[in-house]
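[1] structural data only, the sequence is not supplied:
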């Protein structure tokens, strides 16, 4: 799993201070717990975050397959160019051959790319359709983008007074961060969802265009004023998943993060009960 290498940093500090780092060291224990339970970007990251949904697993798999094809094509084309530069130089062939047309090679470099594109299209279309399909969701969450925070509604649950679970989610300021929290990525109210459950997220905006995006969950949908977009999630493991608004929505665009916490169904029921009692 991608995470900040806090353990290396604290180990280095222990060495510089002349203290030992053991398996029961509370600082290292805290770092290991934080690193194993958060999905967030890391410095110099060049790969995807670890997938937590079948959709993200499909995205990563398709990316890897297409990258293999691209690498093969790149090597082949570079080899062809190198051979052409080597064999058709003026020193080796002062009198070039006057070839004006080649039917065979024309057919080959027209038909072969078409087959490659069709080979790529089949899994990509299947993935696109699966991303758009919402299978009988058990929970519906509404995410509303504002300048510059998110509001959430759990309309499936109602109190005796008819109230639903609603809350705003603001970024935690740097001065208020606690040990282990991520700068510019932590919020005061997380979106809590159960694992192994079909979840539908309805996404809209109250002012300008925003985008609700969480890389580990394979979700990225625009929040448009006056319109509803929807996305689906099926989180396979517990964890804390960090995302951000991915649409340029104003001066504080980089300060409206998204945090989804996936818990067991039992813990989710307890969370819903506590929210309804508040």
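    Now that the structure is in, tell me what you want to look at. All values reported here derive from a predicted model rather than from experimental measurement. Residues are numbered from 1 along each chain as shown.
[2] tell me the SS of the spatially closest residue to residue 73 that is not a sequence neighbour?
    What sits nearest to residue 73 in space, not counting adjacent residues and going by C-beta to C-beta, 6 or more residues apart in numbering, is residue 116, at 7.7 Å. From N, CA and C alone the C-beta is placed, and that goes for glycine too. Of the three states, residue 116 takes helix according to DSSP: H, G, I helix; E, B strand; the rest coil.
[3] neighbours around residue 116, how many?
    Residue 116 is surrounded by 13 other residues when neighbours are defined as other C-beta atoms under 10 Å.
[4] kindly report the same for residue 101.
    Under the neighbour criterion other C-beta under 10 Å, residue 101 is assigned a count of 6.
[5] quick one: the residue nearest to residue 73 and residue 69 touch, right?
    Yes - between residue 116 and residue 69 there is a contact at 6.5 Å, judged by C-beta atoms under 8 Å.
[6] ok so, going back, now the residue nearest to residue 73: how far from residue 127?
    The span separating residue 116 from residue 127 equals 17 Å under the rule C-beta to C-beta, to the nearest Å.
[7] walk me through the domains of this protein.
    Taking automatic domain parsing as the criterion, the chain consists of the domains 6-36, 54-132, 139-277.
[8] can you put these in CSV and add distance to residue 42 and mean pLDDT?
    As requested, these are exported to CSV (distance: least, C-beta to C-beta, whole Å; pLDDT from 0 to 100):
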stretch, distance to residue 42, mean pLDDT
domain 6-36, 10, 42
domain 54-132, 16, 87
domain 139-277, 10, 92
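[9] buried deepest among those domains, which one?
    Among the domains of the chain, judged by mean count of other C-beta atoms under 10 Å, the one packed with the most neighbours on average is domain 139-277 (a mean of 17).
[10] which of the helices or strands spans residue 151?
    Using DSSP states H and E, residue 151 maps to strand 149-158.
[11] quick one: contacts of that strand?
    Outside strand 149-158, the residues that touch it by C-beta atoms under 8 Å, 6 or more residues apart in numbering are 139-144, 164-171, 187, 189, 191, 206, 212, 256, 258, 272, 275-276.
[12] 7 Å instead, please
    Residues outside strand 149-158 that contact it (C-beta atoms under 7 Å, 6 or more residues apart in numbering): 139-144, 164-170, 191, 256, 258, 272, 276.
[13] one more: stretch 236-244?
    Under the criterion C-beta under 7 Å, 6+ apart, residues 37-40, 52-53, 182, 185, 195-196, 213-217, 257-264 lie in contact with stretch 236-244.
[14] now the farthest one out in the chain, which residue is it?
    When distances to the mean C-alpha position of the chain are computed (C-alpha atoms, centre = their mean), the maximum falls on residue 95, with 56.8 Å.
[15] now the helices: where do they sit in the chain?
    Shown for the chain, the helices assigned by DSSP state H span residues 6-17, 26-36, 54-87, 103-132, 265-277.
[16] out of those helices, nearest to residue 233?
    In this view, the helices of the chain are compared for proximity to residue 233 by C-beta to C-beta, and helix 54-87 is the closest at 7.9 Å.
[17] who are the packing partners of the closest one?
    Helices and strands touching helix 54-87, as assessed by 3 or more C-beta pairs under 7 Å, 6 or more residues apart in numbering; DSSP states H and E, comprise helix 103-132.
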